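Participant: Here you go, sequence then predicted model.
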Amino acid sequence: MILFSTQLYRKLRNYGYTIRLIYYIIRLYSKERTNELSARTDFIFQAWHEAGTSVSMHRHRCYEIVYYRQGRGSTRIGRAEYVYEPGSYAVVPPDTLHDEIRREATEVLCAGFRLIDSEFPSSVREGLYNDDDDCTIGKLLLAMQHEITAKPPLYAIRLNLCISELLVAHFRLWGVAERDKQDRPLYFARNYMDEHYQERIDIASLARMSGYSYDRFRHLFKLAYGVSPLNYVLERRIDLAKKQLEQTEVTVSSIAAGCGFSTTAQFCTLFKREAGLSPLIYRKISRMADFKSSEHASMSSRPVDGGDAL
C-alpha cells in the first residue's frame, strides 16, 4: 500500500509538472503571438477593372496583398512575372516595384498592412500564390472590406485581427522559412528555462513539448545557443548564486536551495567546477575586491597637497 501511494504520488507530481509546462507554453505562445504578429491595416478596398487596362510600375511603403476574385492577366513583382487567375493573390513587400496588365475584366480586393515589432518580415516573401479550396484568404479580405464599409464599433481593431489571421492562414498554406520552424519551439523552451531555472526542470518533458526527441532537442538547442539545455540552466543558476554571494549574507545552503540545486553538496561541487572557487572563498574574494575598489575610489577623491581636488 505504501509502495502504491509513493508511485501514485510520483505519477501525480509528474502529471502536475506536465500540465504546468503545457499551461506556461500556451500562455507564452499567446503572448508572443500577440507581440510578434502585431499587424496594422493601412488600407482595404475592392475594385473592378476593364479588360485591356493596366497599371504601370509603382510601389508602396507598406505590404500589399492583391486578391484576384475574377479575371485573368499578368503582374510583375520585382523582377519576376506571374500570370494571375481567379483565386490567386499577390504578396508585395514594401518598396517593391510591381505592375498589372488585365487580359480580362478583373475584380480585386487589395489590403495594405504593416508588421509591428515582428519576426515575420523575413518570411513574408513576394510572389503570386493560390488560395485554398475554402477561399480562406479571400473570405478574410471580404470580412475586412465589410468592416471598413459598415464601420461597426471597434472595426479598426477587427481589421488588425483579420490581417493577422490572414497572415497565419498564408503561412499555413505556403509555409515559413525552415529556420523559423526550428527556432520557435526552441525560443519558447529557452523562455521557459529563463522563467523557471530556480525550479526543477525536466528537459525530457520540455523536449517532448517542443516536438523533439531528447537527443534532437539537445542537438538543436546547442546549435542555436552554444550550450546544452542542462548547461544553460546551470549557467543561469550559477550566475544567480554569484550575485547572492556577492550582495547578500544568505547562507550557502539557502542559496543552494533558492537557486534550484538538489543539495548543498551538489551546489558546492558544481559551483567550484564552474567558478574555480568554493562558494565561501568566492564570497570572501568578491568582498575583498569590492572593499579595495571602494578604498581606491575614496583615496582618489581626496584633495592633493595643494588643497585642490583632482
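Facilitator: Arrived safely.
Participant: can you tell me the helix or strand for residue 206?
Facilitator: helix 203-209 (DSSP states H and E).
Participant: Now that helix: buried residues?
Facilitator: Neighbour-count burial for helix 203-209 flags 203, 206, 207, 209 (criterion: 16 or more other Cβ atoms under 10 Å). Backbone N, C-alpha and C define where each C-beta goes, glycine included.
Participant: and the first one, what does it touch?
Facilitator: For residue 203, the contact set (Cβ atoms under 8 Å, 6 or more residues apart in numbering) comprises 214, 217, 218, 229, 230.
Participant: residue contacts, residue 264?
Facilitator: 252, 253, 256, 257.
Participant: quick one: low-confidence parts of the stretch 1-150 of the chain?
Facilitator: 1-37, 117-123 (pLDDT under 70).
Participant: quick one: the helices in it?
Facilitator: 2-36, 136-150 (DSSP state H, counting those that start in this stretch).
Participant: Residue 238: neighbour count?
Facilitator: Residue 238: 19 surrounding residues under other Cβ atoms under 10 Å.
Participant: Could you do residue 75 as well?
Facilitator: 22.
Participant: So it versus residue 106, what's the distance?
Facilitator: 10 Å (Cβ to Cβ, to the nearest Å).
Participant: Residues that sit against both of those two, list them.
Facilitator: Common neighbours of residue 75 and residue 106 are listed as residue 100 (criterion: Cβ under 8 Å, 6+ apart).
Participant: Looking at the contacts of residue 264, which are in helices?
Facilitator: Of those, the ones assigned to helices by DSSP state H are 252, 253, 256, 257.
Participant: Pick the one among those closest to residue 41.
Facilitator: Using Cβ to Cβ, residue 257 is the member of the ones in helices among the contacts of residue 264 that lies nearest residue 41, at 51.4 Å.
Participant: Skipping adjacent residues, who's closest to that closest one in space?
Facilitator: residue 264 (7.9 Å; Cβ to Cβ, 6 or more residues apart in numbering).
Participant: and that neighbour, how far is that from residue 234?
Facilitator: 16 Å.
Participant: same thing with residue 208?
Facilitator: For residue 208 relative to residue 234 (Cβ to Cβ), the value is 21 Å.
Participant: re the thing from before, distance to residue 239 and pLDDT for the buried residues of helix 203-209 - can I get that in CSV?
Facilitator: As requested, the buried residues of helix 203-209 are exported to CSV (distance: Cβ to Cβ, whole Å; pLDDT from 0 to 100):
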residue, distance to residue 239, pLDDT
203, 19, 92
206, 20, 89
207, 24, 90
209, 25, 84
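Participant: wait, which of those is closest to residue 171?
Facilitator: Of the buried residues of helix 203-209, the one sitting nearest to residue 171 (Cβ to Cβ) turns out to be residue 209, at 21.4 Å.
Participant: Tell me how far that closest one lies from residue 236.
Facilitator: The gap separating residue 209 from residue 236 is 19 Å, by Cβ to Cβ.
Participant: can you check residue 71 too?
Facilitator: For residue 71 relative to residue 236 (Cβ to Cβ), the value is 58 Å.
Participant: Find the nearest non-adjacent residue to residue 128, please.
Facilitator: Per Cβ to Cβ, 6+ apart, closest to residue 128 is residue 82, 3.8 Å.
Participant: tell me the contacts of that neighbour?
Facilitator: Each residue near residue 82 by Cβ under 8 Å, 6+ apart is listed here: 74, 75, 76, 90, 127, 128.
Participant: The fifth one pairs with what?
Facilitator: I take that to be residue 127. Counting by DSSP bridges, residue 127 forms beta bridges with residue 91.
Participant: Can you pull the phi and psi angles for the closest residue to residue 136 other than its chain neighbours?
Facilitator: Spatially, and ignoring its direct neighbours in sequence, residue 136 is nearest to residue 169 (4.8 Å; Cβ to Cβ, 6+ apart). Torsion angles at residue 169 (phi, psi; degrees, to the nearest 10) stand at phi -60, psi -40.
Participant: For residue 169, give me its contacts.
Facilitator: By Cβ under 8 Å, 6+ apart, the neighbours of residue 169 are 136, 137, 140.
Participant: Pop the domain breakdown of the chain in here.
Facilitator: Listed by automatic domain parsing, the domain ranges of the chain are 39-176, 177-299.
Participant: What's the local residue count around residue 124?
Facilitator: Quick note: residue 124 (other Cβ under 10 Å) scores 20 neighbours.
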